[in-house]
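>>> Kindly generate the corresponding structure for this input.
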Amino acid sequence: MRHLLSLQRVATRAFNTTARQMRNRVPEKQKLFQEDNGLPVHIKGGSTDMLLYRITMTITIVGTGLSCYWLLVASMPKSKAE
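Predicted structure coming up:
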């Protein structure tokens with residue numbers, strides 16, 4: 001039982017020390033995204049944001065196309081094989 005209590009103490013201590021080491025970068029991001037530079041929000045983060053946006057749009061378009069295709073296939077009557 002003593003081992004379980006010490007494990008809880010170690011886990012809590014490890015979590016608390018890592019939380020203190022993290023730097024608050026929210027003000028930097030707010031400054032970046034509130035800057036009036038004429039760019040849309042999905043591009044203001046740089047090339048990573050543009051890449052994620054394009055991947056998301058590609059997946060969305062392909063998924064919509066596949067959904068429409070399979071709905072079309074499902075709506076067609078099956079031919080009777082002789």
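
>>> what about residue 7, distance to residue 45?
For residue 7, the distance to residue 45 (CB to CB, to the nearest Å) stands at 40 Å. Where you see a C-beta, it was placed from the backbone N, CA and C, and this is true even at glycine.

>>> If you count surrounding residues, which of the two has more?
residue 45 (16 against 10; other CB atoms under 10 Å).

>>> That one against residue 32, yeah?
Yes: counting by CB atoms under 8 Å, residue 45 does reach residue 32; the two are 7.4 Å apart.

>>> Check the secondary structure at residue 37 for me.
coil (DSSP: H, G, I helix; E, B strand; the rest coil).

>>> Next, give phi and psi for residue 76.
Backbone torsions of residue 76, given as degrees, to the nearest 10, read phi -80, psi 140.

>>> hey, which helix or strand in the chain has the poorest pLDDT?
Least confident helix or strand, the chain: helix 2-21 with a mean of 66, by mean pLDDT, DSSP states H and E.
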